[in-house]
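# Below is the sequence, then the predicted model.
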Amino acid sequence: KNEVEQSPQNLTAQEGEFITINCSYSVGISALHWLQQHPGGGIVSLFMLSSGKKKHGRLIATINIQEKHSSLHITASHPRDSAVYICAVRSGPSTGNQFYFGTGTSLTVIP
Amino acid sequence: DSGVTQTPKHLITATGQRVTLRCSPRSGDLSVYWYQQSLDQGLQFLIQYYNGEERAKGNILERFSAQQFPDLHSELNLSSLELGDSALYFCASSGGASGRHEQYFGPGTRLTVT
């Protein structure tokens, strides 16, 4: 049983398209993180959310605590957005402050 | 550049051996997290230290241990290595203890056990 489920697993888009990646989780959380992993392996934290919505440039992340669901949106996608996007949740103290990771969404943006 | 450094970048060793991976956090960050990323299991949380104390423990095997030193750098010790321990090992740092702060990831150490 996976505590964090992401969809889709793979996504190919044309440059300029609007992209949505979804994340559902089954545990109580204190925070949700969206990470980006480049083909070379490096990991960058995009967002940390505990409620609501955040926006950085063309990236938007939302979370619905009641529904245990988060989405990462990329507007006006660009080939440099090609990467693996990983959703991670931090559980609360009652479950040992664990981190659980989704399996990632591999995004390819075609020029 | 995240400001988090990890050494070595690559490590090749034999089964049964012991290795030490080192992580220096971003200046001012008190928390260090260790993660393992393997092809079959994806990213897994191993352990978190905050200001020298263990804060949270994940899927860390008994053959593995970690510590955070007074200067806040951390070491992950892997012993009695098995082929299945081959993976990328990342450390990350953040300012707080709760996991509700942005994490900054190091470049990773690629461990190959032969």
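Yep, it's here. Numbering: from 1, shown residues only, chains lettered A, B, ... in the order given.
# Up against chain A, what does chain B have?
Neighbours of chain A within chain B, by CB under 8 Å from any CB of the partner chain: B:2, B:33, B:35, B:42-45, B:48, B:55-58, B:88, B:90, B:92, B:98-105, B:107-108, B:110. Every residue, glycine included, has its C-beta placed from N, CA and C.
# Drop anything exposed from those.
B:2, B:33, B:35, B:43-45, B:48, B:55-56, B:58, B:88, B:90, B:92, B:98-101, B:103-105, B:107-108, B:110 (16 or more other CB atoms under 10 Å in any protein chain shown).
# What strand or helix carries the most centrally placed residue in chain B?
Closest residue to the average C-alpha location of chain B: B:Trp34 at 3.1 Å, with CA atoms, centre = their mean. Here B:Trp34, judged by DSSP states H and E, is contained in strand B:31-38.
# what are the pairing partners of that strand, and which direction each?
strand B:42-50 (antiparallel), strand B:87-94 (antiparallel) (DSSP bridges).
# got the CA positions of that strand in CSV?
Output of strand B:31-38 as CSV, limited to C-alpha atoms (Å, rounded to 0.1, in the frame of the first residue of the first chain):
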residue,chain,number,x,y,z
SER,B,31,18.0,20.0,10.3
VAL,B,32,19.6,17.3,8.1
TYR,B,33,17.7,14.6,6.4
TRP,B,34,19.0,11.5,4.7
TYR,B,35,17.2,9.8,1.8
GLN,B,36,17.9,6.7,-0.3
GLN,B,37,16.8,6.5,-4.0
SER,B,38,17.0,3.2,-5.7
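# now the strands: where do they sit in chain A?
A:4-7, A:10-14, A:19-25, A:29-37, A:43-49, A:52-56, A:59-64, A:69-74, A:83-91, A:99-101, A:105-110 (DSSP state E).
# Can you add mean neighbour count and mean pLDDT and give those back as CSV?
Output for the strands of chain A, formatted as CSV (neighbours: other CB atoms under 10 Å in any protein chain shown; pLDDT from 0 to 100):
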stretch, mean neighbour count, mean pLDDT
strand A:4-7, 18, 96
strand A:10-14, 14, 97
strand A:19-25, 19, 98
strand A:29-37, 22, 95
strand A:43-49, 19, 95
strand A:52-56, 12, 95
strand A:59-64, 18, 97
strand A:69-74, 20, 98
strand A:83-91, 23, 96
strand A:99-101, 23, 95
strand A:105-110, 17, 97
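# Output the ones you listed as a markdown table; include the columns distance to chain B.
As requested, the strands of chain A are exported to a markdown table (distance: least, CB to the nearest CB, whole Å):
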| stretch | distance to chain B |
| --- | --- |
| strand A:4-7 | 10 |
| strand A:10-14 | 15 |
| strand A:19-25 | 14 |
| strand A:29-37 | 4 |
| strand A:43-49 | 4 |
| strand A:52-56 | 11 |
| strand A:59-64 | 12 |
| strand A:69-74 | 15 |
| strand A:83-91 | 4 |
| strand A:99-101 | 4 |
| strand A:105-110 | 12 |
